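Colleague: need coordinates for the below:
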Amino acid sequence: MEVQGYYLESRFAIMELVLVRYAEMGLKSRAVRKRFESILVENMMSALARAGVEGIITTEQGRVFVETLRVGEAVVALSRVFGVSSVSPVLRTSSDLEVMRQAIATFSQGLLRQNQSFAVRARRTGTHPYTSMDLGRELGSAVWLANEDKKPRVDLGDPDVEFFVEVREKKAYMFSEYVAGPGGLPMGSQGKVIAVLEREKDAVAAWLIMKRGCRVIGVGGEDGPAVAALRPWDPDIKVVPEGDIAELVRRHKAMAVVFGYGLEDFQRISELKILAPAFYPLVGMTEEEIEERFRAIKVQPHLP
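Modeller: From the prediction side, this is the model:
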């Protein structure tokens, strides 16, 4: 049976392969997408290295795969990489229908509990002797038969457990969870910016700019709450002492300056005298929205 080795952990099977998806990058031209993909892979390698996780990264038709023996730690590290929209530990098999039936039967036994409902979401690309509908029906049957003693129920609307299957040419990938990433563009793909990091609001503004692909140079204290919130997203973030903003822009060859000002800070905004472009990502956001985003930035990713 052509199934990669795996073991069970928490609610789902942890395998030796991680599927990494990106979204916005896929809208770019082929040349730009290739360049962004290269930057994304470099950032992923850095994130894995910082977490002490060894892995091999490969790309294939808009998907990025990471082979590693420490999948749980890899998922957490990769979910902090800008440009990554979601991450899934996956079970890899061949696209042979009988092989997939056996694989998903074994896979499901570690996930389904007594009287739980389930659904199989299947899709494919390439030429195969079955349709996506055939695939969903056959694999759903295999799950039901393998767990018949638990009295499972099929519920395509709101199931307790979902099984996702992606068939790509001669390979198939099975998984049961999406771990969300920050999305956006790979950090470093859009140049450097100066960000004033004094308050929690400043961290939110800087994070939003980092999500757009910029590498941030922080101005403020190393131990401040804003820097502490951003460091898990960029452990190598550079922080410099406060000084003349125009001089800092020139010295670090930054493209712009980012402030965490809102409309209530209009007076301060109007008094700024900076020749470089200035961005105010929080303008138009309420205090509740800013606080909610800051809490989300501080939340440590975890496996369900």
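Colleague: care to break the protein down by domain?
Modeller: For the chain, automatic domain parsing gives the domain ranges 6-180, 192-298.
Colleague: distance to P186 and mean pLDDT added to those, as TSV?
Modeller: Where you see a C-beta, it was placed from the backbone N, CA and C, and this is true even at glycine. Formatted as TSV, the domains of the chain follow (distance: least, CB to CB, whole Å; pLDDT from 0 to 100):
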stretch	distance to P186	mean pLDDT
domain 6-180	4	90
domain 192-298	6	88
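Colleague: Throw these into CSV and include mean neighbour count, thanks.
Modeller: Shown next, in CSV, are these (neighbours: other CB atoms under 10 Å):
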stretch, mean neighbour count
domain 6-180, 18
domain 192-298, 17
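Colleague: any idea how far the helix ranked longest in the chain is from the chain center?
Modeller: Longest helix in the chain, counting residues (DSSP state H): helix 30-50. Distance of helix 30-50 from the chain centroid (CA atoms, centre = their mean, to the nearest Å) equals 13 Å.
Colleague: for it, packing partners?
Modeller: Applying 3 or more CB pairs under 8 Å, 6 or more residues apart in numbering; DSSP states H and E, one finds that helix 30-50 contacts strand 56-60, strand 63-67, helix 71-78.
Colleague: as TSV, those with distance to V283 would be great.
Modeller: Formatted as TSV, the helices and strands packed on helix 30-50 follow (distance: least, CB to CB, whole Å):
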stretch	distance to V283
strand 56-60	37
strand 63-67	34
helix 71-78	32
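Colleague: distance of the residue nearest in space to the middle of the chain from Q109?
Modeller: Residue closest to the average C-alpha location in the chain (CA atoms, centre = their mean): G181, at 2.2 Å. To Q109, G181 is 29 Å away according to CB to CB, to the nearest Å.
Colleague: check L17 too.
Modeller: 20 Å.
Colleague: how about V165?
Modeller: Separation of V165 from Q109 (CB to CB): 16 Å.
Colleague: in the stretch 151-300 of the chain, which spans are helices?
Modeller: Secondary structure of the stretch 151-300 of the chain (DSSP state H, counting those that start in this stretch): helices at 200-211, 225-230, 245-251, 266-271, 287-298.
Colleague: can I get the ones you listed in a markdown table including distance to V84?
Modeller: Converted to a markdown table, the helices of the stretch 151-300 of the chain look like this (distance: least, CB to CB, whole Å):
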| stretch | distance to V84 |
| --- | --- |
| helix 200-211 | 11 |
| helix 225-230 | 17 |
| helix 245-251 | 29 |
| helix 266-271 | 33 |
| helix 287-298 | 15 |
